[in-house]
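Asker: okay, predicted coordinates and the sequence, questions at the end:
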Amino acid sequence: MSRKSRIEVGLRVREARKMMSMTTTVLAKKVKISQAQISRLENGLQGFRQETLESIAKALKVNPAEFFMKSGEVVTAF
């Protein structure tokens, strides 16, 4: 995955987390990874495994596909 893609996915993760009024610390505990790792993911500084992204999506109650969508696209099924 390119750095640009990692940054875009990270921004979408951050947006979803903030919509849930969740801190990086709380999300990290739910996903069972470090807060620093969440921060690096959100800032596009680190790639992620599919399992980690699925766990993040579950914790944020979103479809993992939403992290890869362009603005304005809608997921109709989970």
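Answerer: That came through, no problem.
Asker: packing partners of the helix or strand harbouring residue 59?
Answerer: Per DSSP states H and E, residue 59 falls inside helix 50-60. For helix 50-60, the packing partners by 3 or more C-beta pairs under 8 Å, 6 or more residues apart in numbering; DSSP states H and E come out as helix 3-19, helix 24-31, helix 35-42. Yep, even glycine has a C-beta here, placed from its N, CA and C like the rest.
Asker: ok now it, how far from the chain's centre?
Answerer: Centroid separation for helix 50-60 versus its chain: 7 Å, with C-alpha atoms, centre = their mean, to the nearest Å.
Asker: show me the contact partners of that helix.
Answerer: 9, 13, 16-17, 19-20, 22, 27, 30-33, 38, 41, 48, 63-64, 66-67 (C-beta atoms under 8 Å, 6 or more residues apart in numbering).
Asker: likewise stretch 19-31?
Answerer: With C-beta under 8 Å, 6+ apart, stretch 19-31 has contacts from 17, 34-35, 37-39, 42, 52, 55-56, 59-61.
Asker: looking at these, which one is closest to residue 5?
Answerer: residue 42 (13.8 Å; C-beta to C-beta).
Asker: for residue 1, see how far away residue 20 is.
Answerer: From residue 20 across to residue 1, the span is 24 Å (C-beta to C-beta, to the nearest Å).
Asker: in terms of neighbours, single out the busier of the two.
Answerer: Between residue 20 and residue 1, counting by other C-beta atoms under 10 Å, residue 20 is the more crowded of the two (14 against 11).
Asker: can you pull out the low-pLDDT segments for the protein?
Answerer: Along the chain, segments meeting pLDDT under 70 span 71-78.
Asker: where's the residue lying closest to residue 12 once chain neighbours are set aside relative to residue 28, distance?
Answerer: Sequence neighbours aside, residue 67 is the residue nearest to residue 12 in space, at 4.7 Å (criterion: C-beta to C-beta, 6 or more residues apart in numbering). Distance of residue 67 to residue 28, given as C-beta to C-beta: 17 Å.
Asker: for residue 4, same thing?
Answerer: In terms of C-beta to C-beta, residue 4 sits 25 Å off from residue 28.
Asker: ok, residue 1 next?
Answerer: Where residue 28 is concerned, residue 1 sits at a distance of 21 Å (C-beta to C-beta).
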